[in-house]
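Generate coordinates for the sequence data below:
(one chain, ligands or ions: 1)
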Amino acid sequence: MEAESQMINFTRGVPPAEAFPTEQLQACATAILGRHSAVVLQYQPAAGYGPLREWLGGRHGVPAEAVLVGNGSLQLQAFLSRVLTAPGDTILVERPSYDRAITAFRERGLRVVGVPIQADGFDVEALEGLVRELRPRLMYLIPDFQNPSGLTTSLCKRERLLELADQYGFWVVEDNPYRELRYRGEPLPSLHSLDGRRVLFLSSFSKVLSPGLRVGYLIGPTDLVARVARLAEDTYVSPSMLSQGIAAEFCQRGWLEPNIERLKALYKPRLEATLAALETQLSAAQWTRPEGGFFVGLDLPQGIDGTRVRAQAQVLGLKLSEGRGFFASRPGDPDGNAFLRLPFCALPEPEIREGIRRLAEAVAA
Ligand SMILES: Cc1ncc(COP(=O)(O)O)c(C=O)c1O
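Numbering: from 1, shown residues only. Purely as a prediction, here's the structure:
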């Protein structure tokens with residue numbers, strides 16, 4: 001029991017309990033049930049709660065019909081792949097990419113191929129080669145503070161991807177749940193804002209409000225949004241209206257921006273503590289220097305076996321995730337065994353420092 005309570009968990013990219021604006025959410029729940037119970041306690045259209053679609057449309061400069069709000073963005077990604085692809089199609093993702101997204105694409109029967117990424121996003125030459133060779137149906141990417149590496153795609157790479165998508169006729173699925181959590185540097189335009197014709201934008205309230213609400217959204221061409229809405233209706237009739245009502249109330253009261261600012265103030269020192277601890281403890285490794293989000297990605301020093309580091313870390317009271325799940329690799333590509341994702345938001349600074357000390361000890365062993 002005692003050993004377990006001392007275990008430091010560097011596996012889960014979740015917000016800590018202190019991130020939740022619980023009292024404000026309580027007030028929103030009371031208000032929405034007081035005013036709109038007949039709506040939010042009823043089945044409603046599968047595209048989501050009207051006022052929230054309106055609000056999100058205003059925020060992203062699109063009409064409400066271009067917005068669909070569902071039960072978390074991961075399921076919307078799965079719906080999208082059913083609408084945009086057929087089993088057997090090839091799609092591209094960054095390498096590494098979000099492991100659950102890769103799994104969901106594979107469950108659709110897709111061939112998922114990773115494009116290597118660099119400090120400023122995907123390797124353009126590799127992408128061009130893969131597009132010509134494989135003629136993908138879509139590319140899925142997380143351009144801001146990527147899960148799992150923390151990296152951000154530069155503006156010129158965003159523009160190049162959109163040119164290629166146009167030239168070769170593939171869709172771009174932009175998954176962007178961390179975008180608003182920028183701790184330094186200047187924001188870059190979303191792919192969707194650069195070209196809304198070929199881009200499906202996914203985001204979520206999971207990281208800026210609460211994942212338990214299960215409110216995620218999709219923005220895209222209205223005909224596609226309507227097709228996803230039909231699929232959603234056939235799957236669950238209606239998404240969780242109460243959750244969407246609470247989120248809408250929170251946004252309409254003007255509480256989202258201050259909440260995001262509060263989260264940034266909570267997470268920024270955690271990122272800084274992670275980077276400083278890596279500098280002092282693990283200088284032989286290579287790691288990313290994200291400007292926001294939840295993750296730092298780390299490559300173990302040359303010749304160090306990731307499987308043994310994970311096993312040794314467990315003995316020292318540190319849980320690390322398996323790196324291979326993030327890598328959609330072809331034979332001969334790096335398989336991700338030497339990659340570690342370090343989610344820093346859920347841990348207070350002293351635990352981050354101790355966790356990285358244990359990691360350095362595991363590597364040394
Ligand atoms: C890139 C990315 N997309 C989607 C999700 C899932 O979001 P949701 O809770 O809205 O399903 C996550 C959660 O970690 C994520 O990192």
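
show me what contacts Leu300?
285, 306, 309, 338-340, 363 (CB atoms under 8 Å, 6 or more residues apart in numbering). Placement of C-beta: from N, CA and C, glycine included.

and if we set it to 6 Å?
Taking CB atoms under 6 Å, 6 or more residues apart in numbering, we find Leu300 in contact with 285, 306, 338.

which of the residues you listed count as buried?
The neighbour count (16 or more other CB atoms under 10 Å) marks 285, 306, 338 as buried among those.

Could I get the pLDDT score of the second one?
Per-residue confidence at Gly306 stands at 95 (pLDDT).

Leaving out chain neighbours, which residue sits closest to it?
Of all residues not flanking Gly306 in the chain, Asn337 sits nearest, at 4.0 Å (CB to CB, 6 or more residues apart in numbering).

would that neighbour count as being in a strand?
No. If the criterion is DSSP: H, G, I helix; E, B strand; the rest coil, then Asn337 is coil and not within a strand.

For Ser321, see how far away it is.
12 Å (CB to CB, to the nearest Å).

Asp173: which element?
One correction, residue 173 is Val, not Asp. strand 171-175 (DSSP states H and E).

In whatever helix or strand comes next after that strand, which residues are buried?
Using DSSP H and E, the helix or strand that follows strand 171-175 in sequence is helix 191-194. The neighbour-count criterion (16+ other CB under 10 Å) identifies 191-192, 194 as the buried residues of helix 191-194.

what's the offset of helix 191-194 from the middle of its chain?
Relative to its parent chain, helix 191-194 has a centroid offset of 17 Å by CA atoms, centre = their mean, to the nearest Å.

for stretch 88-106, same thing?
In terms of CA atoms, centre = their mean, the centre of stretch 88-106 is found 13 Å from the chain centre.

and it, which residues are buried?
Going by neighbour count (16+ other CB under 10 Å), the buried part of stretch 88-106 is 89-99, 101-102, 104-105.

and which of those is nearest to the ligand?
Relative to the ligand, the closest of the buried residues of stretch 88-106 is Tyr98; by CB to the nearest ligand atom it sits at 4.2 Å.

quick one, what contacts that closest one?
Counted by CB under 6 Å, 6+ apart, Tyr98 has contacts Asn147.

tell me the contacts of Pro239?
When contacts are taken as CB under 6 Å, 6+ apart, Pro239 is in contact with 48, 70-71.

and it, what pLDDT?
Looking at Pro239, its pLDDT reads 97.

Mind telling me what element it is part of?
Counting by DSSP H and E, there is no helix or strand that carries Pro239.

Now it. Its backbone dihedrals?
Per-residue torsions, Pro239: phi -70, psi 180 (degrees, to the nearest 10).

Adding neighbour count and pLDDT as columns, could you present the contacts of Pro239 in JSON lines?
Converted to JSON lines, the contacts of Pro239 look like this (neighbours: other CB atoms under 10 Å; pLDDT from 0 to 100):
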{"residue": "Gly48", "neighbour count": "28", "pLDDT": "98"}
{"residue": "Gly70", "neighbour count": "28", "pLDDT": "98"}
{"residue": "Asn71", "neighbour count": "20", "pLDDT": "97"}
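
closest to Leu130 among those?
The shortest approach to Leu130 among these belongs to Gly70, at 30.0 Å (CB to CB).

so the closest one touches Leu76, yeah?
Yes. Using CB atoms under 6 Å, Gly70 is in contact with Leu76, at 4.9 Å.

Can you check which residues contact both of the two?
Gly216.

before we move on, back to that, the contacts of Pro239 in strands, which ones?
Applying DSSP state E to the contacts of Pro239, the entries found in strands are Gly70.

For Thr222, state which of the buried residues of helix 191-194 is nearest.
Using CB to CB, His192 comes nearest to Thr222 of the buried residues of helix 191-194, at 13.8 Å.

pretty sure that closest one contacts Ser203?
No. Counting by CB under 6 Å, His192 does not reach Ser203; the two are 9.6 Å apart.

Quick check: Asn9 vs Tyr267, distance?
To Tyr267, Asn9 is 17 Å away according to CB to CB.

Compare neighbour counts for the two and give me the winner.
Tyr267 (22 against 16; other CB atoms under 10 Å).

The ligand contacts on the stretch 51-200 of the chain?
By CB under 6 Å from any ligand atom, the residues of the stretch 51-200 of the chain that approach the ligand are 72-74, 98, 142, 147, 175, 177.

Max pairwise distance over those: which two?
Across these, no pair lies farther apart than Gly72 and Ile142, at 15.4 Å, counting by CB to CB.
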